[in-house]
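1. let me see the structure of the following:
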Amino acid sequence: MGWKGTVRSIAATARRMERDAERRHKVAVKEQITADASADVLNWENYIDDLLTVHTDLTDHVDWDILLNKTEPTKPKLGTDYYDKANANLAHFKPKFFDFLRGGTDKLRKHLDDAFEQAPDKDKAKHDRALEKYDADFTEWESDRDLAKRLSVGEAAAIHEVVTELQSLSKTDLIGSAVTFSINDNYVHAKPQVHTDEIVPSFRRKQLASGKLSETKMPVAQFNELYQDYVASVALKVAGDLFQMLPLDEVYVTCESEMLNSATGHKEPTPILSVQFVRETFGQLNLVNIDPSDSMANFNHVMNFKRTKGFAPITPFENKK
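-> Numbers count the residues shown, from 1 in each chain. Okay, the predicted model is just below:
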């Protein structure tokens, strides 16, 4: 092959390599687009799922009957563990031929004598530590038992004490900006300030057969129904936490959202869902599988909702004086 043929061959090989590299790049880009689209769709789906399952993550249950009947801690007695051990070691001590390997018989005996002299102080120090723990356990037992007694008769101050603790344990961005409470004897009315409908995405995502991402405007009816389910999920969450923490047979929850007041032209907290939750009925719900808004039919509730318009203001259940 002449030099011209060699050059032509080299050029052809270079062009072929360029085409192969370009094809690989296109494949890599397509795969990345497909992967990105898949991740975007999954993130969108997970976010929607989070909005509709706020109620499935309840706080831990507190059994006030167990706390009420819990046995009083036993006050520790001064023990003699160190003394008994040191005394036994002295009593059984016998000089041995190989004691010199450990410093000699006199040194070993002195070590045992020192341990015997220090034993009472060590027993006292151990007792002091046990007393300190007992004092803490007794204070906690007494406090828990007193609170359980007051809750068993529905004392408002006791309910308020538990609700205050509940607020510090149950913070979640998805519930909303705040939860306020009206409390009386045997009565709690929680009022979560839920997020506005802006928390619901205004678009839908899916992955096309080509692997690309498709993002379209969400239909109004679907948008409103998602927000309805979100609000109902928050109501279930708040009620569930109260049932987990308080020995009440029923609780009230009224969800409020910022809505435009046509009389003032300003947005203000407006009741949109009010529910009288009953413990027995709530306990029968399969929280993982229910449709949040559909589950409201199990309880006395007030809700003015239309698929085409969303929520409208309501008159909630009144607080018990």
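
2. how about the nearest residue in space to Ser177 that is not next to it in sequence, what does it touch?
-> Leaving aside its sequence neighbours, Ser177 sits nearest to Gln193 (C-beta to C-beta, 6 or more residues apart in numbering; 4.7 Å). The way it works is simple: take the backbone N, C-alpha and C, and place the C-beta from them, glycine included. Residues near Gln193 by C-beta atoms under 8 Å, 6 or more residues apart in numbering: Gly176, Ser177, Ala178, Val179, Thr180, Glu256, Ser257, Pro269.

3. am I right that the fifth one is in contact with Val188?
-> In other words, Thr180. No: at 11.2 Å, Thr180 does not count as touching Val188 under the criterion of C-beta atoms under 8 Å.

4. okay, those two: which has more neighbours?
-> Val188 (24 against 13; other C-beta atoms under 10 Å).

5. dig out what that one forms beta bridges with.
-> Ile183 (DSSP bridges).

6. and the pLDDT at it?
-> Here the pLDDT value assigned to Val188 is 95.

7. again, but for Phe98
-> 48.

8. let's number from 12 now, not from 1
-> Yes, from this point I'll number from 12; that puts the last item at Phe109.

9. low pLDDT regions in the stretch 62-211 of the chain?
-> Scanning the stretch 62-211 of the chain for pLDDT under 70 picks out the ranges 94-95, 97-128, 130, 134, 179-183.

10. for it, which segments count as strands?
-> 189-195, 198-204 (DSSP state E, counting those that start in this stretch).

11. and the first one, how far out from the chain's middle?
-> Remark: strand 189-195 is offset 20 Å from the chain centroid, using C-alpha atoms, centre = their mean, to the nearest Å.

12. how about the spatially closest residue to Leu158 that is not a sequence neighbour, what does it touch?
-> In this structure, Leu158 finds its nearest non-sequential neighbour in Ala169, 5.7 Å apart by C-beta to C-beta, 6+ apart. Ala169 is in contact with Leu158, Arg161, Leu162, counting by C-beta under 8 Å, 6+ apart.

13. and Ala169, how close does it get to Asp132?
-> 45 Å (C-beta to C-beta, to the nearest Å).

14. who does the helix or strand containing Glu279 pair up with?
-> Taking DSSP states H and E as the definition, one finds Glu279 inside strand 277-289. Sheet neighbours of strand 277-289, with direction, are listed as strand 261-272 (antiparallel), strand 311-317 (antiparallel) (DSSP bridges).

15. just put the strands of the stretch 62-211 of the chain in a markdown table and tack on distance to Ile59.
-> Formatted as a markdown table, those follow (distance: least, C-beta to C-beta, whole Å):
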| stretch | distance to Ile59 |
| --- | --- |
| strand 189-195 | 23 |
| strand 198-204 | 20 |
